[in-house]
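**Q** Fold the following and give me the result.
(chains A and B)
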Amino acid sequence: MQHGKYRFIAGFLAVPLGLYALFVVWPFIQSIYYSFTDWTGLSPEFEMVGFGNYERMLDDEIFWKSLRHSLLFALVLPLVTIALALFFAFMINAGGRKRKGGPAVTGVRGASFYQIVYFFPQVLSIAIVALLFAFAYNPDSGAVNSLLRGIGLDGVQPLWLGDPDLALWCVMAVLVWSTVGFFVVLFSAGMASIPAELYEAALLDGANRVTTFFRVTLPLLWDTVQSGWVYLGILALGAESFAVVQIMTTGPGGPDYSTTVMVLYVYQKAFRDGQAAYATTIGVALLVVTLAFAAAVMRLGRRERLEY
Amino acid sequence: MGSTSGENHESAGVGRRDLIRRSAALGLVSVPATSFLSACASSGGGGEDKAESGERTAKNPLGVNDGARMEFVLFDGGFGTEYAEDAVRIYEKNFPRAEVKFSATQKIQSTLQPRFNQGNPPDLIDNSGAEQMDMGVLVGKNQLADLTPLLDAPSYDDPDKKVRDTLRPGIVEMGRFDGEKVWVLYYAYTVYGVWYSQKALDALDEQYPQTWDQMLAVCAKARKKGMAGWTYAGKYPYYIPFSLYPMIGKVGGREVLDAIDNLEPNAWKHPAVKACFEAYYELYRKGYVLRGTPGLDHIQSQTAWARGKALFLPNGSWVENESANVIPADFGLAVSAPTGLGSSDKLPFGTLWASGGEPFVVPAGARNGAGGMEQLRIMLGEAASKNFTSKVKSLTAFDGGTDGITLTPGLKSGVAALEKAGDNVVNPRIQDWYVQLQKEKIGVAGLGEMMAGRLTPAEAVRKIQGFADETARDTSIKHYKHA
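**A** Numbering: from 1, shown residues only, chains lettered A, B, ... in the order given. Reported below is the predicted structural model:
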């Protein structure tokens, strides 16, 4: 039977692999091919230009700025989101005080309510979230500055998205807000599968909540955290960061290029400036960055597995 | 008991979890980079045959084939679709045997780019909106038809007058890129300037200021009443040029604006540019700009202005339609040519920026290009023009067409401003020649930063000159010059 096994597996894989090749691999190859041309995207004719687009990219100051911002996104967003999500998930699942007659390990009061509330942003489309926050950040009549005025801070009225020092952080905050809920649920599910005996044993040994978290919960959750990290990093390099920057920021990409990211630059070059070939060049750079990010996380995050 | 690593037989090959995780990671990796461009993979020409031309008569000077199909794609934006549908009905009446396919979309580029790439574009396109296709690239790649036959044809109403002689100033020139051929016909006519409420000015007991000293005085007076002098679309600071560029033209003469358009070295270092920058910076420095303006988008700034939080707003004539729902009935909407510096300005007060909007093009690969041009000829007739003006509160490229219809306050004031300007209409081309330079570099990174107080006028001039030089050096961009 052994020899038939591979044919059997191949039979199952043929269709998905074919689809994958057609809709993922082939466009990749095409993009790389176009990055060596001068295709405008607006007419069928183009010529090969060799490495011209790549040389231009390395000289392009806006490209470097967008690369910097994209990398910042890929570092900060997963860090903050995962830290927050882990904290919330721990509080929901194991952060509560022991109540009389209840189980030894339990979440804070109202945990099930919080779990649902945290998930709410996830059901809103990112475009709507971005639009809502663009209104909230309105320095003249937005919710944030109105709140500041309401508590008597009339002198503190930042420009938020209009300030190059704040704009990028404002945008990141929106992404954190909209993605943290999903990871709370994901980590909660992971924590629920950690046996209660381990917590009880830790408690008997006199561990407090912080120690329990770092010595018990986090190591047993490591695989989930790592996957989440890759997922968030890719989110931050790709579609989600494009949506918020495109919808919310000055210009978009401003003020003074303070929020421009690689995906936005690809979009602007392809669909505003009629330079599709150069856009695919930046797209190839984005592909390299994304692959490098995924590889780095996978490698750095490698740990001995714990069996329980 | 579970295990975080799934199956416990690592040696037996790739674990199920690992497989899923790795393939998921691969799939995710591909998401951001997946080439959305694959949709427009160039598959080369292969267009259909062109329609034969019909007989040229006095009624049909362009020789439209009565039996040929005509396809018209409209941008479905602020002007709506009704005006075009009405014009299509006239076409159908004049060519009863012709089938007309009319469609309207906001996604001009996504809809039409593949069709250009395949070589079967429609016969007439309103190439407008956020997804406007880059006109310079279309011209450079020979994708557009020369509209000269249309311009030399007799006009729809008067056979003794050519179409080109019935158009407003600047329309024909704007359709050129380099050389004599005219590639684009801008159908709407936009008046740019400083928009304000006559009622608010009356309440201050002031006239619209003609010199900058008067401007500062009016702003000071407004502030005493708790009203800011100016606001603008802070998130899209390329609205500031709508009043700043004609001011530069008024102060230093047309040649300063032409030099800027031509990307001449040191064009921005002209004293007139610096003086006007300093004048605008003074508005910021004296606190006459509405607080928070750099964080407002165009709608938010227009709303704040319509509610009386600020007196003046640099904008175009579409503001009347766009903000119709927040402008109060007794607002007294009016537009003025920009305030100058003083009596030593080169051009008189009234010098105004007015130019075409809603660019219509006939693709070179169109099957029935004559039909597309005929449709435009109909739209440039007096009846269709009046229909447009009364329905969407905007002027058209057709010179006239405002008699006998009731004009809204903003439109009336726009017509008056055009009359006052006479020949002193300027038309900076930088915003259609170099979109990235105008919007994101000069607008956001230059003027936006200066008006938010983060650059001094001298720094802004230096930075913008640097951007202009960069664009002039960039060989991937097509460069244009004033004739």
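**Q** what residues does the stretch 101-250 of chain A put near chain B?
**A** A:134, A:137-142, A:145, A:157, A:159-164, A:193, A:195, A:220-223, A:227, A:230-231, A:234, A:237-239, A:249-250 (Cβ under 8 Å from any Cβ of the partner chain). Using the backbone N, CA and C atoms, a C-beta is placed for each residue, glycine as well.
**Q** Let me see the ranges of the helices in the stretch 51-200 of chain A.
**A** A:52-58, A:61-94, A:111-123, A:126-136, A:143-150, A:167-192, A:196-204 (DSSP state H, counting those that start in this stretch).
**Q** shaky segments in the stretch 151-300 of chain A?
**A** Scanning the stretch 151-300 of chain A for pLDDT under 70 picks out nothing.
**Q** gap between the two ends of stretch B:253-272?
**A** End-to-end distance for stretch B:253-272, by Cα to Cα, to the nearest Å: 9 Å.
**Q** One more: stretch B:241-261?
**A** Note: stretch B:241-261 ends 13 Å apart using Cα to Cα.
**Q** How about that stretch and chain A, touching?
**A** No: residues of stretch B:241-261 contacting chain A under Cβ under 8 Å from any Cβ: none, with a closest distance of 14.6 Å.
**Q** centre of the chain versus that stretch, how much separation?
**A** 18 Å (Cα atoms, centre = their mean, to the nearest Å).
**Q** Show the average pLDDT along that stretch.
**A** When pLDDT is averaged over stretch B:241-261, the result is 94.
**Q** Pipe the helices of the stretch 51-200 of chain A into CSV and attach distance to residue B:275 and mean neighbour count per row.
**A** Below are the helices of the stretch 51-200 of chain A laid out as CSV (distance: least, Cβ to Cβ, whole Å; neighbours: other Cβ atoms under 10 Å in any protein chain shown):
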stretch, distance to residue B:275, mean neighbour count
helix A:52-58, 36, 17
helix A:61-94, 30, 20
helix A:111-123, 50, 14
helix A:126-136, 36, 18
helix A:143-150, 35, 15
helix A:167-192, 31, 21
helix A:196-204, 73, 15
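**Q** and residue B:413, which of those is closest to it?
**A** Set against residue B:413 and scored by Cβ to Cβ, the helices of the stretch 51-200 of chain A come closest in helix A:126-136, at 31.2 Å.
**Q** what angle do the closest one and helix A:167-192 make?
**A** Angle, helix A:126-136 to helix A:167-192, by axes from the mean of the first three to the mean of the last three Cα atoms, to 10 degrees: 130 degrees.
**Q** how about stretch A:286-299 against chain B, any contact?
**A** Yes: residues of stretch A:286-299 are located near chain B by Cβ under 8 Å from any Cβ, namely A:286, A:287, A:290, A:291, A:294, A:298.
**Q** Closest to chain B out of those residues?
**A** Closest to chain B out of the residues of stretch A:286-299 next to chain B is residue A:287 (4.0 Å), distances taken as Cβ to the nearest Cβ.
**Q** Which secondary structure element is home to the closest one?
**A** helix A:276-300 (DSSP states H and E).
**Q** Sweet, I'm off.
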